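Peer 1: could you work out the structure for the sequence below:
(chains A and B)
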Amino acid sequence: MSYVFNFAPVFENFDQLLVGAWITIQLTFGAIIFGTLIAVPCAIGKTAGPRYVVWPINAYIELIRNTPFLIQIFFIYFALPGLGLRFNPNTAALIALSVNVGAYATEIVRAGIESIQKGQIEAGIALGLKRHQIFRYIIFKPAMRTIYPAITSQFIYLMLTSSVVSAISATDLAAAGNNIQSQTFAAFEVYLVITAMYLVLSLGFSALFTLIQRLAFTYPTSR
Amino acid sequence: MIRPFGMNEFWFIVMAAQWTIALSAVAFGGGAVGGLLIALARTSKLPAFRYAALVFIRIFQGTPLLMQLFLVFFGLNIFGIGVNPWVAAAAALTLHASAFLGEIWRGCIEAVPSGQPEAAWALGLGYRDTMVSIVLPQAARIAVAPTVGFLVQLIKGTSLASIIGFVELTRAGQIINNATFAPLTVFSVVAALYFILCWPLSMFARSLELRFASETRR
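Peer 2: A predicted model of the protein is given here:
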């Protein structure tokens, strides 16, 4: 093997990688927020709604979960302009990621809602709790605790999936890598460093989610 | 020259689905072998095996599949093996599937009650006999539903092979789109084909899951 590794061009352009990583982080958090805004109403609609609400929600979930993210983002970026909806690459990326994670999160949130037993709510009513108190203490918090591990690993998976948005020339971490690679031809070195950066990001997200869990969801039950 | 989207274009895309299926099959087959080794290493009594498998799983579950594809694609080139997108995609997806199936199957092996291997050991069975005759058959029953679920994820993952230039369903769609400029039609057809491949598997996985849940509820 006569290949000489050359990491110099990667580190000379490291600022570009940091900018890309920052955009990856922003896209991820943006999609977490919008995805949750999609998932919560859909999950409520799916558990409690009439059939004409349940059916479209199911269609949305099945459609997203059974097609590749790459096709979804192509559809939003290349096909929707034909219908008069034109987005710049980063906006298209955010929309695609939100719609994608929304479908997965809907199923997770629904499982959380269904994990609350009816007797718990009835007990709340018997104790004279108000509707909003029942929702907050008997439905929301315990359901959050149940779904937290599943939904946070889904969010980390979302961050990894976001690398695909480089395919429509959004300016995330993977795209920064593509740029440097095409200027310096040090492809393997560039992608090795970027892969390491993604690993650091996913470990960072994982640590952050554990911290939030400690701060927000440790009250009596589990002890 | 823009050409219209006709039957030829449609069949070009449909026929490309066979490469998506072939790539999925190769990656799943390779991943099954690799995943079994990883799962056995992960549940081994030897710490060195356990930690090596853990690091392998963490790396592949903590980095994007796209980067794994790029690294294998450009890495094979460094080692002087010609850059063939088919080989690179198959190798990268095999490694990816090994890590995910390894982690899924570890859970299934651990779900077999520990009294089972202990009883086998008490009866004088060695590691190999214990695994082959006692633990793995029981773990396999638990493993079917999540494994089919992962297969769906793998089929969707093969779409990324298009980015390193392997002509499968997604790449065929891009090629036709570049010739016809009918993205709405093209990507609808491509999405429908993926859906036809994945949805029955998803339904199958869900029914297995439900059946298994009702069997074990007792």
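Peer 1: correct me, but A:Tyr148 touches A:Thr210?
Peer 2: No: assessed by CB atoms under 8 Å, A:Tyr148 is found out of contact with A:Thr210, at 10.0 Å. In this view, the C-beta of every residue, glycine as well, is placed from N, C-alpha and C.
Peer 1: just give me the neighbour total for B:Ile176.
Peer 2: Number of residues near B:Ile176 (other CB atoms under 10 Å in any protein chain shown) recorded here: 25.
Peer 1: touching, it and B:Phe187? I think so.
Peer 2: No: contact criterion CB under 8 Å: B:Ile176 and B:Phe187 do not qualify, at 9.8 Å.
Peer 1: near chain A, which residues of chain B are found?
Peer 2: For chain B, the contact set with chain A under CB under 8 Å from any CB of the partner chain comprises B:59, B:62-68, B:70-71, B:74-75, B:77-80, B:152, B:156-157, B:159-160, B:162-163, B:170, B:173-174, B:177, B:183-184, B:186-188, B:190-191, B:194-195, B:198-199, B:202.
Peer 1: spell out which parts of chain A neighbour chain B.
Peer 2: Proximity of chain A to chain B (CB under 8 Å from any CB) is limited to residues A:1, A:3, A:62-63, A:65-72, A:74-75, A:78-79, A:82-83, A:156, A:160-161, A:163-164, A:166-167, A:174, A:187-188, A:191-192, A:194-195, A:198-199, A:202-203.
Peer 1: what helix or strand does the residue lying closest to A:Ala105 once chain neighbours are set aside sit in?
Peer 2: Of all residues not flanking A:Ala105 in the chain, A:Ala39 sits nearest, at 3.6 Å (CB to CB, 6 or more residues apart in numbering or on different chains). In this structure, A:Ala39 is located in helix A:14-48 according to DSSP states H and E.
Peer 1: any low-confidence regions in chain B?
Peer 2: B:1, B:217-218 (pLDDT under 70).
Peer 1: for chain B, what spans make up the strands?
Peer 2: Using DSSP state E, no strands are found in chain B.
Peer 1: mind listing what the residue nearest to A:Ala105 touches?
Peer 2: By CB atoms under 8 Å, 6 or more residues apart in numbering or on different chains, A:Ala39 lies in contact with A:Val101, A:Gly102, A:Ala103, A:Ala105, A:Thr106, A:Ile108, A:Val109.
Peer 1: with respect to pLDDT, which of those residues ranks lowest?
Peer 2: pLDDT is lowest at A:Val109 among the contacts of A:Ala39; the value there is 92.
Peer 1: distance-wise, check it relative to chain B.
Peer 2: A:Val109 sits 18 Å away from chain B, going by CB to the nearest CB, to the nearest Å.
Peer 1: not counting sequence-adjacent ones, nearest residue to that residue?
Peer 2: Nearest one to A:Val109, counting by CB to CB, 6+ apart, is A:Ala43 at 3.7 Å.
Peer 1: that neighbour: neighbouring residues, count only.
Peer 2: For A:Ala43, the count of nearby residues is 24 (other CB under 10 Å).
Peer 1: again with B:Leu210
Peer 2: 11.
Peer 1: all helices of chain A, in order?
Peer 2: A:8-12, A:14-48, A:51-65, A:69-74, A:89-114, A:118-126, A:131-133, A:141-161, A:173-184, A:187-216 (DSSP state H).
Peer 1: most packed of those?
Peer 2: Across these, averaging neighbours per residue (mean count of other CB atoms under 10 Å in any protein chain shown) puts helix A:69-74 on top, at a mean of 24.
Peer 1: so what touches that helix?
Peer 2: A:64, A:92-93, A:96, A:99-100, A:161, A:164-165, A:167-168, B:156, B:159-160, B:162-163, B:170, B:173-174, B:183, B:187, B:190-191, B:194.
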